[in-house]
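J.: Here is a sequence with its predicted model. Questions after.
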Amino acid sequence: MNDNGSVLKGSSKSKELTVFEWIDAQHLFLSELYQQLLDQPGKAEVSRCLYLAHQLQRACQQNPIGLLAALQLNRTAKHQHIKEFFVAILCEMLAKEGGMTPSSRLYLICAALTQDLGMLELQDQALDRQNTPLTTQQLKAVNRHPHTGIGMLKRANVAESLWLNTLEQHHEQPDGKGYPHGLRGKDICQSASILHVADAYVAMVRPRGDRPAVLPKEAIKEIFLKRGSKFDTVAARHLATVLGMYPPGTWVKLYNGEMGVVSGMGSSHPFPDVSVVLSSEGEHLPQAVLRKTNSDQYTVIEMVKAPFHFSLTSVLNPIWPKIKI
């Protein structure tokens, strides 16, 4: 495979990666891209960002549920910027649900990947680890980061208005209480509203220095209840539609006492597919067993924290189809 991601002549077939391997590979690319944008922004870095956005879009066409599950399951410390990656994948799905064109979605993904470019150092040093309230200086840096990020992108010769406007407005709110401009309602572009919802959801379901992770159902509920004020109504509705009551990658307990991970959308939102890894007696299963939860015996009764399993990675890997690159 060459630097642009295309298969070289003479290759017998494209390579396949598990969803976890694919995320590892693309995350490494993203981390290197951030460093390049900070050190020497230019057209080459913009092209790299567009290339990565295209890879995300292509992977979402192949296996959207597996990607959402793998990102929800991920708690590895080495994934320093996995939040932006998670948000970008979710943006692609919400925007597709909302009818945005593939080309528009591509620039929305770029905005999601670069949304925190203006405060990367602060995020790495404090926001992800700090267990105390932000200082006055830190709050100022957070409030400035859309403008700072746009300045960095313009220095890298980004001229696409959808990308720039989305980044600038992604913390605006329908009630006018967002920042940096206090825009209201329809003055906020559709792509920024989508990014705002996706970013809020991912921020809540991943742990931070000052608080633990929120259960996905609680995050979806909070966003849905605040639709029309803090969050765009349509984007909030699309979040609930795309993720369902039990988002992929959520750990659940079934009526019969088994525990497993939500691995598919199932027959309808209350009845997801669950891949069981612990028996009702707490036995560690050597491979996941698929349960259709529209059966009374396998009804989901509650979300739970990730259980311990001796070989969890090897059990989870085969659940979702591999991604071709």
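T.: Now that the structure is in, tell me what you want to look at.

J.: Next, the contact list for the residue nearest the centre of the chain, please.
T.: By CA atoms, centre = their mean, the mean C-alpha position of the chain lies nearest to F86, the distance being 1.8 Å. Shown in contact with F86 (CB atoms under 8 Å, 6 or more residues apart in numbering): L71, Q72, V202, R206. To be clear about C-beta, it is placed using only N, CA and C from the backbone, and glycine gets the same treatment.

J.: mind checking the backbone torsions on it?
T.: Note on F86: its backbone torsions stand at phi -60, psi -50 [degrees, to the nearest 10].

J.: And the strands in the stretch 1-150 of the chain?
T.: 16-17 (DSSP state E, counting those that start in this stretch).

J.: low-scoring pLDDT stretches of it, where are they?
T.: The stretch 1-150 of the chain contains residues with pLDDT under 70 at 1-13, 75-80, 123-130.

J.: switch the cut-off to 80
T.: 1-14, 74-81, 120-134 (pLDDT under 80).

J.: can you list the domain ranges for this structure.
T.: Following automatic domain parsing, the chain resolves into domains at 16-243, 251-319.

J.: Just the endpoints, please. Distance across the shortest one?
T.: Here the two ends of domain 251-319 are set 14 Å apart, with distance taken as CA to CA, to the nearest Å.

J.: So for it, mean pLDDT?
T.: Across domain 251-319, pLDDT averages out at 92.

J.: and if you look at stretch 158-172?
T.: Across stretch 158-172, pLDDT averages out at 96.

J.: Name the residues of it that come out as buried.
T.: V158, L162, W163, L164, N165, T166, L167, E168, Q169, H170, H171, E172 (16 or more other CB atoms under 10 Å).

J.: For it, give me every contacting residue.
T.: Under the criterion CB under 8 Å, 6+ apart, residues 46, 104, 107-108, 110-111, 114-115, 117, 146-147, 149-150, 153-154, 178-183, 187-189, 191-192, 195-196, 199 lie in contact with stretch 158-172.

J.: Tell me which of the residues you listed fall in helices.
T.: Mapping the contacts of stretch 158-172 onto helices (DSSP state H) picks out 46, 104, 107-108, 110-111, 114, 146-147, 149-150, 153-154, 191-192, 195-196, 199.

J.: Check those residues for burial and list the buried ones.
T.: Among the ones in helices among the contacts of stretch 158-172, the ones that count as buried (16+ other CB under 10 Å) are 46, 107-108, 110-111, 114, 146, 149-150, 153, 191-192, 195-196, 199.

J.: sorry, back to before: so which of the domains of the chain gets nearest I325?
T.: Proximity to I325, assessed across the domains of the chain by CB to CB, is greatest for domain 16-243 (6.2 Å).
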